[in-house]
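Trainee: Structure here, sequence nowhere to be found:
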């Protein structure tokens, strides 16, 4: 068993290394396509800034900006003419959920940049229109465009770019998340069922339908890949992810799964509606209980090898609350919802990778604590023996 | 009489099988999804 466990850890490490080696080269081919065969010459040593030339005549500049999106970092190529008017903005590299990017393309999100200059502020909701349902990606692209544009303005055109200071983004989403989290914490602390139900109902409405911000494997994938989002823009992410992890590490309690998960609330509701609770045979349960761990390992391997946190997040949470997905994902949602009708907490018990991750963290915590206690006990025993020996002497 | 005694057992067995079938259906949809994603990762490189 230990061999299997360590093989899994080592394979994840290997996947991470392969993913990191591949990731750094993946954007260059796309860059060549963007300039339609014109000559590109890099002028920035550290910064990704290029001149675009056609038979030695300067046609403009191409610069790359980077920002944190929903899934992780994304790179945007900004093409400007020789006086600083933006000609084209395109997504060069990203790890966003495909449906978000599709939404941006369908709504012609990138077209609005063609009337801008490299000195614009690119503030979402003011200078740039965000696409509803893909707001985080819209904002990340605007941020990346700003970074790239200001780079071109200062380093290539010799202009002074405006100073852009980061501001805390505190909206109704962050406030409601904070309230739900506190209610969830109190419910676990006082073991109060009423508070737990209140937290679940609020999370079903708020975290589920209003904001669609459930924790998924993509969140853990981001952490493992080092794609930690900026706290100013992604306070909700930090509240939910940081709060859930901290309560497990410090307190040992899984607040998220029991009181905050909107999909958990959905399953309870569905099971109450049907009133049926089928049980899986005890004989096969030991095998079935290992499945979430296996799925977690497989998904994490895919995430690490592709350096894309959203690629293998198979949970139907986001799909349920937004009714957006693609391909095979449409089979997972009905299958799990029907199963939840007949089997109590079906997804949580038998398939959830988020629950499996939290369980793994709890297990490591327990192991560390027991190791610490046993070493303390050993030290105490040694001291007692020493004192006894001294007394005898 | 024998049939009456066995029926709760049979019912439980049937329920177990039904639960297992539901579980396997959901699991297979996830496995198919992950395999599709694996093929995509392999194709993209």
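Mentor: Okay, I see it. The model shown is predicted, which means the values in this text are computed figures rather than measured ones.
Trainee: Going by C-alpha atoms from here, please, whenever you check contacts or count neighbours.
Mentor: Noted.
Trainee: need the residues of chain B near chain A, please.
Mentor: By the rule Cα under 8 Å from any Cα of the partner chain, the part of chain B lying against chain A is B:13, B:15-20, B:22-23, B:25-27, B:29-30, B:32-34, B:37-38, B:41.
Trainee: I'd like the mean pLDDT over the helix or strand hosting residue A:380, please.
Mentor: In the assignment (DSSP states H and E), residue A:380 maps to helix A:353-392. Mean per-residue pLDDT for helix A:353-392: 89.
Trainee: got the buried residues for it?
Mentor: A:353-359, A:361-362, A:365 (16 or more other Cα atoms under 10 Å in any protein chain shown).
Trainee: Likewise for stretch A:5-25?
Mentor: Neighbour-count burial for stretch A:5-25, counted by 16+ other Cα under 10 Å, picks out A:8, A:12, A:15-16, A:19-20.
Trainee: In this structure residue A:74 contacts residue A:97, no?
Mentor: No. Using Cα atoms under 8 Å, residue A:74 is not in contact with residue A:97; the gap is 11.7 Å.
Trainee: those helices in chain B, which residues are they?
Mentor: Listed in chain order, the helices of chain B (DSSP state H) span B:2-44.
Trainee: Which residue lies nearest the spatial centre of it?
Mentor: Centroid-nearest residue in chain B: residue B:24, 1.7 Å away (criterion: Cα atoms, centre = their mean).
Trainee: returning to what we had before: now for the helix holding residue A:380, which elements pack on it?
Mentor: helix A:291-306 (3 or more Cα pairs under 8 Å, 6 or more residues apart in numbering or on different chains; DSSP states H and E).
Trainee: Name the residues of the helix it packs on that are buried.
Mentor: In helix A:291-306, counting by 16+ other Cα under 10 Å, buried: A:291-293, A:295-306.
Trainee: ditto for stretch A:47-57
Mentor: Buried residues in stretch A:47-57, counted by 16+ other Cα under 10 Å: A:48-53.
Trainee: Now flag whichever of those is closest to residue A:348.
Mentor: Using Cα to Cα, residue A:48 comes nearest to residue A:348 of those, at 44.9 Å.
Trainee: Name the residues contacting each of residue A:74 and residue A:97.
Mentor: By Cα atoms under 8 Å, 6 or more residues apart in numbering or on different chains, residue A:74 and residue A:97 have no common neighbours.
Trainee: shaky segments in chain B?
Mentor: Within chain B, the segments meeting pLDDT under 70 span B:1-6, B:45.
Trainee: Pull the residues that contact stretch B:33-45.
Mentor: Outside stretch B:33-45, the residues touching it (Cα under 8 Å, 6+ apart) are A:299, A:302, A:306, A:311-312, A:314, A:328-329.
Trainee: Repeat the analysis, applying 6 Å as the threshold.
Mentor: For stretch B:33-45, contacts defined as Cα atoms under 6 Å, 6 or more residues apart in numbering or on different chains pick out residue A:328.
Trainee: Could you tell me which strands the lengthiest strand in chain A is paired with, and in which direction each runs?
Mentor: Longest strand of chain A, by residue count under DSSP state E: strand A:57-68. Using DSSP bridges, strand A:57-68 pairs in its sheet with strand A:49-54 (antiparallel), strand A:73-80 (antiparallel).
Trainee: With distance to residue A:174 added, can I get the ones you listed in TSV?
Mentor: What follows is these, written out as TSV (distance: least, Cα to Cα, whole Å):
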stretch	distance to residue A:174
strand A:49-54	37
strand A:73-80	22
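Trainee: Return the member of these having the minimum mean pLDDT.
Mentor: Ranked by mean pLDDT, the strands paired with strand A:57-68 bottom out at strand A:49-54, with a mean of 86.
Trainee: Can you tell me which of the buried residues of helix A:353-392 comes closest to residue A:160?
Mentor: Of all those, residue A:354 has the smallest distance to residue A:160: 46.5 Å, by Cα to Cα.
Trainee: tell me the contacts of the closest one?
Mentor: Residues counted as contacts of residue A:354 (Cα under 6 Å, 6+ apart) are A:216-217.
Trainee: Then residue A:215 would be within a strand, right?
Mentor: No. Applying DSSP: H, G, I helix; E, B strand; the rest coil, one finds residue A:215 to be coil, outside a strand.
Trainee: And for the residue in the stretch 101-250 of chain A that chain B sits nearest to, the neighbour number?
Mentor: Using Cα to the nearest Cα, the closest approach of the stretch 101-250 of chain A to chain B is made by residue A:217 at 13.1 Å. For residue A:217, the tally of surrounding residues (other Cα atoms under 10 Å in any protein chain shown) stands at 25.
Trainee: For the closest residue to it other than its chain neighbours, give me the pLDDT.
Mentor: Once flanking residues are discounted, residue A:217 sits nearest to residue A:313: 5.3 Å by Cα to Cα, 6 or more residues apart in numbering or on different chains. With respect to pLDDT, residue A:313 scores 85.
Trainee: mind giving me the domain split of chain A?
Mentor: Per automatic domain parsing, the domain ranges recorded for chain A read A:27-156, A:172-371.
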